[in-house]
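Chemist: I need the structure of the sequence given here:
(chains A and B)
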Amino acid sequence: MGFGVIVVGAATRDDIVGQPNFYLFRQLTYGLAGIVAIFLAMAIDLHRVARYAWVLFGALCGAVVAVLAIGSSVRGSTRWIDLGVFQLQPSEIGKVAMILVLSAVAVERSAQVGTWRFTLLMVGVTAPPAGIVFAQPDLGTALVYFAILGAVLFLTCVPWSHLVTIGATIFAVALGILVVLPSVGVQVLKPYQYERLVAFTNASDNRSDSGYQLYESQTAIGSGGAIGRGIDGANQTRGFLPERQTDFVFASASEMFGFVGASLLILAYGVILWRGLRIISRAPSRLEQLVGVGIVTMFGFQVMVNIGMTMGIMPITGIPLPLMSYGGSQTLTSMIAVGILLGIGQTRGTPAAGARRWR
Amino acid sequence: MTTQPPFLRPDSTGDLGDPRFPNRLAMLAAAAAVVIGVLLVRLWFLQVVSSAQYERRASANQVRTINLAAPRGAIMARDGTVLVRNRPTDDVIARPQDFKGRGGQISERGRQVLARLATRLGQTPWSFQSRVITALKKNPYEDAVLLRQADRTTVNYLAERQRDFPGIGLKQAYLRSYPEGAMAAQVLGDVQPIFAEDFKAYIKRGYVGDERVGKSGLESSYESYLAGTPGSQQVQVDAAGQVVGAGLVSATPPITGNTLRTSIDMPTQRALQNGIARQMARNGAPGGAGVAIDPSTGEILGVASLPAYDPAVIQDATRRPGPVRAIRRDPRNPFLDRAISGQYPVGSTFKPITAIAANASGVASPSEIIDCPAKLELFGQTFGNFRFQKFAPLSLPKALEVSCDTYFYELARRFYERSNNSSTGSSQETIIQDWARAFGLGSVAGIDVGGESHGLVPDWRWKKSVFANSVEPSDKFWKPGDTVNLSVGQGDFLATPLQMAVAYAAIANGGRVVTPTLAKAIVAPNGSVVRNFDAGRTSRVVTVGGKELTPELLDPIRQGLYQVANAPEGTGYGVFGKLPDGAKLAGKTGTAQVRKANTEDHSWFVGYAPANAPRIAVAVVIENAGTGASFAAPVVCETVAAYLRLDLKANPEYCGAGGQSN
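Modeler: Next up, the predicted model:
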């Protein structure tokens, strides 16, 4: 049932990205590979995976560290490992790994839920990979990791006091990084990161590099109007919009298809989230529930931040739009996540059978 | 537990533990709904409510104003022969606003585009960046020229790949081309892009800023007429700067500049320039120059300075810098316009002025017979005739005819003794100098191109100031030897060929110093005459202390100059003696000694023709060549013949090869 929604998402994605055929075919390839990945992911036995959670965690940490050591750089960021055929971005796949690890740990330690020991363990599991990813530097993906952590903690029913404490701590740290430390001369963020984070507050006065992205993005979206300019009429997208096929793909779609198309796209994401939540509510066990929550959060957070930034209501961070943005790692990750979610949906009502099937 | 949407009801979740779970899930769902809602509302505002604003912004991105260069007006000879015209070319330009980044710097994307382009064009990225940064400071809406005169390959490459180079474009510009090659090269002048330091001044005068403007010569003097009015075009472009479809939104076509018609007579010009070149080649003379003018109006009929160069190589300098560098390194300095800036001792061609000064001041009379010995002892020094020739005692015309130096030394002695100061041996006599200045020597003739030299008419004041710090006190005073030297155009005296032509024109026209001009008319593209320079020509009467050039003063001079060319003993007879009736010439040879040892004398000839009703005056100097008769005189003869339309091919005897007298 969720499957139809995903197909719609995939189809739309190909529509948008297909400007130069290079990207079209590559993204088409990723899409097809992704469909295979969906079916493979559907067959994954989460309980079996959960037993190797710590192995997975080790692999995740190892991969992101390896990127720092041997990865290739694009525009000042080191996020990729060159596999010849394509450049693997471990931090993307890492999102799913993070979800699985956190969920497995939460289930394993379910007896301790509610204690500070548990909460801090969860934070402790998230922080190292997130920190390394942040150092790549990839602020956006690191934020996704923390969003997943937050959601999983939230739905393992950690006491409000813990959540509030963590929230307050994050707020204090953010305040420190953005305001206090710079004022005493310590720069934690790269200048461009800081600039992008604050640029969204005054986009049109600030038509320079970071403000420029937002300015052009809003111009592209706004000029799409109610019904859009069509694929051929999307001049803004093709020439002025930076990162038009990756981070600002939503702006591209909006100029082409206007409010009608763009709002349908947002609604489509709404439907994915809704179906996801529904699957969660019917999931056979705590593990499936938490994995589902992680996936839904990952989608929701990325959609919020990405689309939000193209419209100037969120800071600009390099977070791709799931299922839309060009990029192999991103596409595969999203589709694997969808596959896992669908897998959870399938095992509905027969938790034991589902769990036993592969034994 | 609050009420929940039905889909969240934990119908099959069994004992999944915490009863708070559905509640928290509902909160997550609510958050998701809020996110989707906020995004939709924001989208609504952007795309529906304020769509018009963004549409405007987008179209501002899309309509581009293109400045269209105006073709400059042509420069023509008297008969309409084209000397300078236009050659269209393509410049590679950057649209600075497309490269705008933070704080006057170039954006990251712009840097990449410029780097790629620079690599492709074999330039340094930094040079491109600095040009764009400069343009951003000046006016980001004016194109910045990155590379002038792109070659065919580059033009095709960029035309095909405009999408790969956003913000980069091609723009038609006009270069100058020169169908007559090196003819009159130096006076035509140069057209170059506006220098950065002149940019503001040109903008104030209404220029766009990317024009090529006249930098020297006629191109500079008549810039206001030659420069057209640039047009502009609003075209619809896509983001890569490529014109979309028909694309034209509105257009103001450029207006071609006016044509400058000069007084240069092509046959005269060719005879003058080719003749000098040929004489220079005879003994490897380093330079030469000549001016031909209409003695009654001052119109320049021909003007040449050699070595010359084809001005086209300067226009091509961005692409092929080699030839220009070679010209610049040439020690003979081809860029120097010797005709108007070259200052030379003039030798015996100065003698008519000495004679006029003597006769006007009563020091001598034209009919007085004076000795012409081989040498003369004066003030304890020996001054000899050229090759120590000697002649029977002679009157003024004959003295000019045979160019007797000792005759003029005697005049010098009389001048000096009139007013010497017995205690210092110095003189403050300036009668020769006064007449020389009255003939226009020692100051610019006022030709309508820049760069003229003053020449030098030395006198006691000049010596006093120039040698003020000399250790030898006598250097500061005007000494008898100075007068002797000046009387025959030697010593410190210097003049340009243009000044000598004007001075002889005054002898020819009865005593008026004309203002030499090259411009004859300004003609609009539609053929109408915008300005005619024939009206309002100015001249000045030669006068010293109220004394003008009366026929009594002039006629003996003219007679002498006529004999130079037409009497068998005349120094120029070998060259000019066979000129037909009606084209008889009057003039004077000059063999100017050069101070450098082992260097040949400058060969001079200045004359006018026809002698009885002069229509052309010509001055020619061939540097370090030899006697006036053997090198300069034949050029003058051919030039005069060309202007008077004598058929030298059919009658080669009209102009002889020249003898060895001074």
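Chemist: quick one: buried residues of stretch B:460-475?
Modeler: B:W460, B:W462, B:K463 (16 or more other C-beta atoms under 10 Å in any protein chain shown). Where you see a C-beta, it was placed from the backbone N, CA and C, and this is true even at glycine.
Chemist: Out of the residues you listed, flag the one nearest to chain A.
Modeler: B:W462 (63.9 Å; C-beta to the nearest C-beta).
Chemist: C-terminal to the helix ranked longest in chain A, what's the next element?
Modeler: The longest helix of chain A (DSSP state H) is helix A:249-281. Sequence-wise, the next helix or strand downstream of helix A:249-281 (DSSP states H and E) is helix A:286-310.
Chemist: Check the average confidence over that next one, would you?
Modeler: If you average the pLDDT over helix A:286-310, you get 90.
Chemist: From the contact counts, what lies against that helix?
Modeler: In terms of contacts (3 or more C-beta pairs under 8 Å, 6 or more residues apart in numbering or on different chains; DSSP states H and E), helix A:286-310 is packed against helix A:46-51, helix A:90-108, helix A:139-155, helix A:209-224, helix A:249-281, helix A:328-346, helix B:21-44.
Chemist: cutoff 6 Å now
Modeler: Judged by 3 or more C-beta pairs under 6 Å, 6 or more residues apart in numbering or on different chains; DSSP states H and E, helix A:286-310 is in contact with helix A:46-51, helix A:90-108, helix A:139-155, helix A:249-281, helix A:328-346, helix B:21-44.
Chemist: Next, the buried residues of the first one.
Modeler: The one in question is helix A:46-51. Burial within helix A:46-51, assessed by neighbour count using 16+ other C-beta under 10 Å, is assigned to A:L46, A:H47, A:V49, A:A50.
Chemist: Distance from the chain centre to it, please.
Modeler: Centroid separation for helix A:46-51 versus its chain: 23 Å, with C-alpha atoms, centre = their mean, to the nearest Å.
Chemist: And for the third one?
Modeler: Helix A:139-155 has its C-alpha centroid displaced from the chain centroid by 10 Å (C-alpha atoms, centre = their mean).
Chemist: and it, does that touch chain B?
Modeler: Yes - against chain B, helix A:139-155 shows contacts by C-beta under 6 Å from any C-beta of the partner chain at A:F154, A:L155.
Chemist: Could you do the second one as well?
Modeler: No - remark: helix A:90-108 sits outside contact range of chain B, by C-beta under 6 Å from any C-beta, the gap being at least 9.8 Å.
Chemist: Give me the contacts around that helix.
Modeler: If you take C-beta atoms under 6 Å, 6 or more residues apart in numbering or on different chains as the criterion, helix A:90-108 is touched by A:49-50, A:53, A:56-57, A:60, A:63-64, A:67, A:125, A:133, A:138, A:141, A:144-145, A:148, A:152, A:156, A:286-287, A:290-291, A:294, A:298, A:329-330, A:333, A:336-337.
Chemist: Name the residues of the stretch 251-359 of chain A found near chain B, please.
Modeler: Residues of the stretch 251-359 of chain A lying near chain B (C-beta under 6 Å from any C-beta): A:259, A:262-263, A:266, A:270, A:273, A:277-278, A:281-282, A:286, A:300, A:304, A:307, A:311, A:313, A:349.
Chemist: Can you tell me how far the closest residue to B:I432 other than its chain neighbours is from chain A?
Modeler: Closest residue to B:I432 in three dimensions, ignoring its sequence neighbours and counting by C-beta to C-beta, 6 or more residues apart in numbering or on different chains: B:A357, at 4.6 Å. Per C-beta to the nearest C-beta, to the nearest Å, B:A357 is found 76 Å from chain A.
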